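Chemist: can't give you the sequence, but here's the structure:
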C-alpha cells in the first residue's frame, strides 16, 4: 500500500525508471519472439514425411559447416531403406540426396547464390508438397525437371552448372516448388552419400504409429548404418549447411542484444532510482526520525521498484510484440535472418519479458535501497546533505580500482605479444570508461573550469559564472548527468573504433599476403566448379583449394568421429593421394603424429586410411587438414572451390560466367565484406541500445536537477529574471555538462584504441593507425545533448511558471 502511494505521488521522478524497464523488457521480449520464430522448422521439401532417419552426429566439430552428420554409404542407405520399408504402415523409405546444381538460363546464375544443395533426385519430390505440374519426370542422364517459376518451358534446353562444370540438360518437366530434380541414378552419382531417409506412411497411418517400428528397424548402435529416427519438429534438424550458418549468425546477434539490454537496464534502473532517492533524503530522514527502521526503508524502496517493474514489464511485453517485426527486418538486411522468417508470438516470451521487468527493477531497487537505508534521522533537518560529499567512499574506492586496472591493462597491452594485446586493450577501455563514470564528481570540477574559462573571459554577462557555480556546487548531481554521457560516448567510440580499425587491418593483411597474385572469385554462385579451373589452367604457383568435410574416426566408429574441413591441394609435391598434412593444432586435437595412419570417412560414406606425412605450423593457404585435390573429388563429386589463386604473370584474360577476376586488394575487401557488414550491423545495434539508455539516464538527471532548483528559480524570478534568461542558463548548464561527458568519454578510449591498432598492426604485419568513426561519435554526442536540452527545457519552463 505504502509503495503504491509513493509511486503515485512521485511518478515524475520515477518516470525514467519506468521507461527503462519498459524498453528493457521490450527488447528482451522482441529478441525472444524472433529467436523462437527462427528456430529450425521442417524444410518445406521434407514436410510430407512422417519421420526422417538420419546418420549419427560426429562427437567433435572442427568444421565451419555446422552440419556434422556422418553420411551413410550407398550400401548402408539402401539397407536401411529396405528395413524401414518393411515396417508396417510405411509406404516407402526414400533416400534423400542433395548436391550443387544451379541453372544459368540466360548465361547468368539464377537462384540463391549461397545454396549449394539445390539439386535433388526425382524421388525426393515425394517427400514434400511439390508436384509435377507439366511434362514428365527426368529419366535419362541428360534430363532435368525445374521450378516453373524459372520461366523455362518443357522441351527447352537449359545450362546447368554442376561441381564438374556446366552441362546442357533437356527440361522434361516443371514442378511447383524450388530446386532442380534429376533422375535418381544421376543424383546417386552426384551425391553417393546419404544424410537423410524420408519415411512416408500409407493412407490413414499416423506418424506416431510407425515411429516406434522405424526406430526398432534401425541398425543397433555401434554397427554399420547406425542412426536416429526424427519425428515431428525434430525433423527441422535436417537443413542445408548455409541455412544453419545464417541461423547461427542471427542467434549470436540476438543473444548479444538481449544480454546488453538486460545489463544496461539494470544499470539505468539503479542509477535513476539512486538519483530519485538522493532527492528524498529529507523525507527519508523524517521517516527515520519518527521510528522507521533501515529494513522498513529498504522494503519500501524495493516495493516501489517491484511495482514499477510489474507495470513496466507488462507494457514492455506489448512493446516487444511491436518491436519484433522491426528486429526481423534489421536482421534480414544484415543477412542474418533465415529466408522467409515468419514471426510467431507465443505466451512464454511475453512472460519472460514481464519477469525481466520485475528482475531488473528488483536488482536496481535493491541497490538504491542500500543508500536509502543509510540515511540518518538528523538529515531531516538538512537541505543539502547529499551535496556536501561529492563522492561516497564506495564510489571512490570502486573508481580508483577501475582506474588502476585500466592503467595496468593499458600498460600491459604495450608490452605483451600481439595475440593478447587486443584483449588487454579492450579490457583497459572498459575499465577506464567505468573509472571515468565513477570518478566523475572529482573530474567534473577541473573539466568545467577549463571549458567555461574562455566563455567567462570573453563574455560580458554573468551567465558563465552562474553556470560554473551551479555545476560546481552540485558535483554529485552533475556527475549523475555526466556519467551516462561518458559511458555512451566511450562505448560508441570503443565499439565503432574497433570495427573501423579491423576493417582497415584485416583486408590490408590479406592484400599483403596475396600480393603478386590474381584471384578468380565467385560471382553469384556458392563456389567455383572444375570448368573454371580448366579454363584458367594450372601454371606454376597456382592454388585452387577444394574443400570437403571429412570425418576422422575414433575408436567408437562414426559417432566417435571428429569432423574437419579437408582442403584438397593441387601441389602434388606437398601431398599425394593417400596422404595428409596436419597443422600442429589439428594434430594435437586428433592425437596424431607424423607417420601415423588415421581412418577418414568421407561424405560418400567411404572410409580411407590416410598416412600423416607431416605436422606443420598453421598456414592459412594450406589448411589444417591438407589432402590431394584428386582425393577430394573422388569422394565428393559435388565439392566446390572458394577461389583460385594465379600468379600475376599467368592471369587469364577472362573467366566463365559465375566467376570474376579480382586483384589482391579488391579480393581482400570483397572477402571481408560479409564480416564487415555483420560487425557493423551488430555494433550499430549495440550502440543504439547503449546510447538510447544513456540518453534516458541523461534526460532523467538533468530533469531532476532542474526540478531540484525550483526554489532557486523562484528566487531569481522574484528578483526580476525573465523566463527566457532562466531557460538560457539552464540549457547552458546542461550543455556544459554533456560536453564535459563527451570529452571524458573520448579521452578514456583513445589510449586503449591505440593499443588495439598496435596489436592489429603487429598481428597483421601492416601499418594500422587508430580509426574512429566521426558519424557514430557525432550521433552519440548529439543524441545525449538533444535529450538533455529537451528535458531541461521542459522542466525549466514548467517550474518557472
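Modeler: Looks like it came in fine. What you are looking at is a predicted structure, and each value in this text was computed from that prediction instead of being measured.
Chemist: if I pick the closest residue to residue 148 other than its chain neighbours, what's in contact with it?
Modeler: Nearest in space to residue 148, with sequence neighbours left out and distances taken as Cβ to Cβ, 6 or more residues apart in numbering, is residue 174 at 4.0 Å. Every residue, glycine included, has its C-beta placed from N, CA and C. With contacts defined as Cβ atoms under 8 Å, 6 or more residues apart in numbering, residue 174 is in contact with 132-135, 145-148, 152-154.
Chemist: just how off-centre is the helix or strand hosting residue 174 within its chain?
Modeler: Counting by DSSP states H and E, the element that carries residue 174 is strand 165-175. With Cα atoms, centre = their mean, to the nearest Å as the basis, strand 165-175 stands 39 Å off its chain's centre.
Chemist: in that strand, what's buried?
Modeler: Neighbour counts over strand 165-175 (16 or more other Cβ atoms under 10 Å) mark 166, 169, 171-175 as buried.
Chemist: closest to residue 91 among the residues you listed?
Modeler: Proximity of the buried residues of strand 165-175 to residue 91 (Cβ to Cβ) peaks at residue 175, which lies at 20.5 Å.
Chemist: Isn't the closest one up against residue 133?
Modeler: Yes: counting by Cβ atoms under 8 Å, residue 175 does reach residue 133; the two are 6.3 Å apart.
Chemist: Go ahead and list the helix or strand containing residue 297.
Modeler: For residue 297, the host element (DSSP H and E) is helix 294-333.
Chemist: Identify each buried residue in that helix, please.
Modeler: Using 16+ other Cβ under 10 Å as the test for burial, helix 294-333 gives 297-298, 300-309, 311-321, 323-324, 327-328, 330-331.
Chemist: Please apply the same query to stretch 580-590.
Modeler: Residues of stretch 580-590 classed as buried by neighbour count (16+ other Cβ under 10 Å): 580-583, 586-587, 589-590.
Chemist: Distance check, residue 182 against residue 129.
Modeler: Between residue 182 and residue 129 the computed distance is 20 Å (Cβ to Cβ, to the nearest Å).
Chemist: ok, these two, which is more surrounded?
Modeler: Between residue 182 and residue 129, counted using other Cβ atoms under 10 Å, the more crowded position is residue 182 (30 against 11).
Chemist: Show me the common contact partners of residue 175 and residue 133, please.
Modeler: In contact with both residue 175 and residue 133: residue 148, using Cβ under 8 Å, 6+ apart.
Chemist: All the helices of the stretch 501-650 of the chain, in order from the start?
Modeler: Residue ranges of the helices in the stretch 501-650 of the chain, as given by DSSP state H, counting those that start in this stretch, are 530-536, 584-590, 629-635.
Chemist: Same list, the ones you listed, but as JSON lines with mean pLDDT and distance to residue 412 please.
Modeler: Converted to JSON lines, the helices of the stretch 501-650 of the chain look like this (pLDDT from 0 to 100; distance: least, Cβ to Cβ, whole Å):
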{"stretch": "helix 530-536", "mean pLDDT": "90", "distance to residue 412": "48"}
{"stretch": "helix 584-590", "mean pLDDT": "92", "distance to residue 412": "25"}
{"stretch": "helix 629-635", "mean pLDDT": "94", "distance to residue 412": "44"}
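Chemist: now for the ones you listed, which one comes closest to residue 770?
Modeler: Between residue 770 and those, the shortest gap by Cβ to Cβ is with helix 584-590, which sits at 31.6 Å.
Chemist: Show me what the closest one is packed up against.
Modeler: Contact partners of helix 584-590 among helices and strands, from 3 or more Cβ pairs under 8 Å, 6 or more residues apart in numbering; DSSP states H and E: strand 557-569, strand 607-616.
Chemist: Residue 160 in helix, strand or coil?
Modeler: strand (DSSP: H, G, I helix; E, B strand; the rest coil).
Chemist: Check the contact between it and residue 143; I expect there is one.
Modeler: No: the pair residue 160 / residue 143 is not scored as a contact, 10.9 Å apart, by Cβ under 8 Å.
Chemist: Can you work out which residues contact both of these two?
Modeler: Jointly contacting residue 160 and residue 143 under the rule Cβ under 8 Å, 6+ apart are residue 169.
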